[in-house]
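Student: here's a sequence, model it:
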Amino acid sequence: DLNRALSLLGHVLSQSRTTGVSLVMALTTQTLGLAYARALLDEGMPASRLYKALFDFLSAGKGLTSRPWGEAVNSWARAANMWTSSELKDACEILLRADISLKDTRSSSDEQALTSLILELCERRKSVTAKRY
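Tutor: Below is the predicted model:
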């Protein structure tokens, strides 16, 4: 939800110890979790085994989820069918560009970089979803 994401950005960035880089790290963990879930499902893993496999994946990488791991894993398992592998690959590339931009000292502010990230992710998702229907 583009409008909701943009309206929440300033509030989220105002939280203590929250930076553009930490948000991109958390979003990247979420996206990689979704991509792993999608890959497991594409390989034929039964949904009943998905939670454990995703929890093991998260435990191995000690990923930053910005929420309890069980909650993150449950959301990945529920949402994996809403994405294609290609969409998730594109999202990872967009997140990588945002991470590089945020770490570039000549870059814009965190809020500007994250606004661009949100716009690009939402626009990409919107155009891919429209092509499906």
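Student: for the rest of this, base every contact and every neighbour count on C-alpha atoms.
Tutor: OK.
Student: looking at it, Ala39 is touching Ser85, isn't it?
Tutor: Yes: here Ala39 reaches Ser85: they are 7.1 Å apart, a contact under C-alpha atoms under 8 Å.
Student: which residue lies farthest from the center of the chain?
Tutor: Here the chain reaches farthest from its C-alpha mean at Arg106, the gap being 24.9 Å by C-alpha atoms, centre = their mean.
Student: what's the distance between that residue and Met82?
Tutor: 36 Å (C-alpha to C-alpha, to the nearest Å).
Student: again, but for Ile100
Tutor: Ile100 sits 28 Å away from Met82, taking C-alpha to C-alpha as the criterion.
Student: for Ser7, same thing?
Tutor: For Ser7, the distance to Met82 - C-alpha to C-alpha - is 24 Å.
Student: again, but for Thr28
Tutor: From Thr28 over to Met82 (counting by C-alpha to C-alpha), the distance is 17 Å.
Student: those two: who's more crowded?
Tutor: More crowded of Thr28 and Met82, by other C-alpha atoms under 10 Å: Thr28, with 22 against 11.
Student: tell me where the chain is predicted with low confidence.
Tutor: 107, 125-133 (pLDDT under 70).
Student: let's see 80
Tutor: Applying pLDDT under 80 to the chain flags the ranges 62-66, 105-108, 124-133.
Student: mind listing the helices for it?
Tutor: 2-13, 20-42, 47-61, 69-79, 85-103, 110-132 (DSSP state H).
Student: hmm, who's touching the fourth one?
Tutor: Under the criterion C-alpha atoms under 8 Å, 6 or more residues apart in numbering, residues 30, 33-34, 37, 47, 50-51, 54-55, 58, 65 lie in contact with helix 69-79.
Student: what's the most distant pair in the residues you listed?
Tutor: Ala47 and Thr65 (21.6 Å; C-alpha to C-alpha).
Student: settle it for me: which of the two has more neighbours?
Tutor: Thr65 (20 against 12).
Student: what's the closest non-adjacent residue to that one?
Tutor: Ala26 (5.0 Å; C-alpha to C-alpha, 6 or more residues apart in numbering).
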